[in-house]
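Novice: any chance you could fold what I've pasted below:
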Amino acid sequence: MNQDMDIGVTSREPKKIPKQARDDVPIATDRTRLISAEGKKPRQRYMEKSGKCNVHHGNVQETYRYLSDLFTTLVDLKWRFNLLVFTMVYTITWLFFGFIWWLIAYIRGDLDHLEDENWIPCVENLSGFVSAFLFSIETETTIGYGHRVITEKCPEGIVLLLVQAILGSIVNAFMVGCMFVKISQPKKRAETLMFSNNAVISMRDEKLCLMFRVGDLRNSHIVEASIRAKLIKSKQTKEGEFIPLNQTDINVGFDTGDDRLFLVSPLIISHEINEKSPFWEMSRTQLEKEEFEIVVILEGMVEATGMTCQARSSYMDTEVLWGHRFTPVLTLEKDFYEVDYNSFHSTYETHTPVCCAKELAQSRREGQLLGPLPSLARDTGTARDNEEEEE
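Specialist: Below is the predicted model of the structure:
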């Protein structure tokens, strides 16, 4: 029987926590070099650890669709382009209405009677395009210096004044609304939501589980927080169709309500590897050969603003550690609990079966678990424990 079929379980005898966990020194968790040395090529991430998706939309033919939702398009622009559009819209509006004011003065002949005191112009003290442009700015922004004023003998000017006042209010509402929404976006709130650098697979309540840790650095909490996870993996159907980025749900407590979080202190999110899990037939050896990515999404409302916030991260197959647990970070102090974020990403080795969850369940049903058998951490941890006992 090969190594994958060797069943190992957590010993019933009291075990010592490895020296790395006691000293709060994180065990090396980068398996990329090890797996690459075995012939595994580096792959492109579907999502960065920061939550940015590595997907670019090319050859979009129907670009007019962006204009059908102009408000969202402007909000999604980068700040430099957003400020450029903001400035250009106001400048073009002032120039357009300034030209109309100058055109009215030109047609009426006001520019030819600047020195005639008996002549009643449409706009007093309007002597050219520059003064018409300044009058347009004063009108739309309601500055009203009082030097240039419209007269009652100009009906076309009164109509233009009404039109500019109405359109100016619409432009103000649209542009200021875009800026307000962009400023109040809760994207930066996600910067204080943390995900552990690695996910781990180990035993919990005598069941093989996939786990990762989440935390919130702020004292203001995320309201109605919920967590979900997706497995991104290539798939080939029975008909031969190849799906390069197939998405499969990973149950992190949706049926029991455990996916709804009270995120006051760091929490370990657990996925039980059972018959419905995509990792049901994956052993430690198979994990090192598989190519997949786990995308985790944390959502909730910002307590201060009530706006929805979303934080994302991902774990490549090289970032999933078999036979590890997370180091505890919560300690009880006088009158409060303290979280040590220095150990947030730390893990330590633990006794874990090297077989898949399916084989583990079959062996238990057949009654083959008669005592402590070899496991992942036993080979690496026994020698270390013996050295510590001798000391």
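Novice: neighbours of residue 103, how many?
Specialist: 14 (other C-beta atoms under 10 Å). Glycine gets a C-beta too; all of them are placed from N, C-alpha and C.
Novice: any idea which helix or strand comes after whatever helix or strand residue 309 lives in?
Specialist: Taking DSSP states H and E as the criterion, residue 309 maps to strand 308-316. Where DSSP H and E defines the elements, the next helix or strand beyond strand 308-316 is strand 320-322.
Novice: which secondary structure elements does that next one contact?
Specialist: On a contact count with 3 or more C-beta pairs under 8 Å, 6 or more residues apart in numbering; DSSP states H and E, strand 320-322 meets strand 199-204, helix 284-289.
Novice: switch the cut-off to 6 Å
Specialist: If you count contacts as 3 or more C-beta pairs under 6 Å, 6 or more residues apart in numbering; DSSP states H and E, strand 320-322 packs onto strand 199-204.
Novice: just checking, what packs against the strand it packs on?
Specialist: strand 207-216, strand 320-322.
Novice: residue with max distance from the center of this protein?
Specialist: residue 118 (68.7 Å; C-alpha atoms, centre = their mean).
Novice: which ones are touching it?
Specialist: Applying C-beta atoms under 6 Å, 6 or more residues apart in numbering to residue 118 gives no contacts.
Novice: how does this protein divide into domains?
Specialist: Following the TED database, one finds the domains of the chain at 64-184, 189-366.
Novice: of those domains, flag the one that's most buried.
Specialist: domain 189-366 (a mean of 17; mean count of other C-beta atoms under 10 Å).
Novice: about what we covered before: now the domains of the chain as CSV including distance to residue 43 and mean pLDDT?
Specialist: Listed next are these as CSV, based on distance: least, C-beta to C-beta, whole Å; pLDDT from 0 to 100:
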stretch, distance to residue 43, mean pLDDT
domain 64-184, 28, 90
domain 189-366, 6, 92
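Novice: re the thing from before, which element is the residue farthest from the centre of the chain on?
Specialist: For residue 118, there is no host helix or strand (DSSP H and E).
Novice: for it, grab phi and psi.
Specialist: phi -90, psi -10 (degrees, to the nearest 10).
Novice: now the helices and strands packed on strand 199-204 in TSV, with distance to residue 250?
Specialist: Shown next, in TSV, are the helices and strands packed on strand 199-204 (distance: least, C-beta to C-beta, whole Å):
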stretch	distance to residue 250
strand 207-216	8
strand 320-322	12
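Novice: out of these, which comes closest to residue 46?
Specialist: Closest approach to residue 46 among those (C-beta to C-beta): strand 320-322, 15.0 Å.
Novice: give me the sheet partners of the closest one and which way each runs.
Specialist: Neighbouring strands of strand 320-322 in its sheet, by DSSP bridges, are strand 199-204 (parallel).
Novice: please enumerate residues in contact with the partner strand?
Specialist: Residues contacting strand 199-204 (C-beta under 6 Å, 6+ apart): 10, 210-212, 315, 320-322, 324-325, 347, 350, 352.
Novice: before we move on, what about stretch 275-286?
Specialist: With C-beta under 6 Å, 6+ apart as the criterion, stretch 275-286 contacts 4, 231, 248, 273, 322, 354, 355, 356, 357, 358.
Novice: got the CA positions of it in CSV?
Specialist: Output of stretch 275-286 as CSV, limited to C-alpha atoms (Å, rounded to 0.1, in the frame of the first residue of the first chain):
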residue,chain,number,x,y,z
GLU,A,275,-18.8,14.1,0.0
LYS,A,276,-20.0,17.4,-1.4
SER,A,277,-16.6,19.0,-1.2
PRO,A,278,-14.4,19.4,-4.3
PHE,A,279,-11.5,18.2,-2.1
TRP,A,280,-13.1,14.9,-1.2
GLU,A,281,-10.7,12.8,-3.2
MET,A,282,-7.6,15.0,-2.8
SER,A,283,-4.7,13.6,-0.7
ARG,A,284,-1.6,15.4,0.3
THR,A,285,0.3,13.9,-2.7
GLN,A,286,-2.4,14.9,-5.1
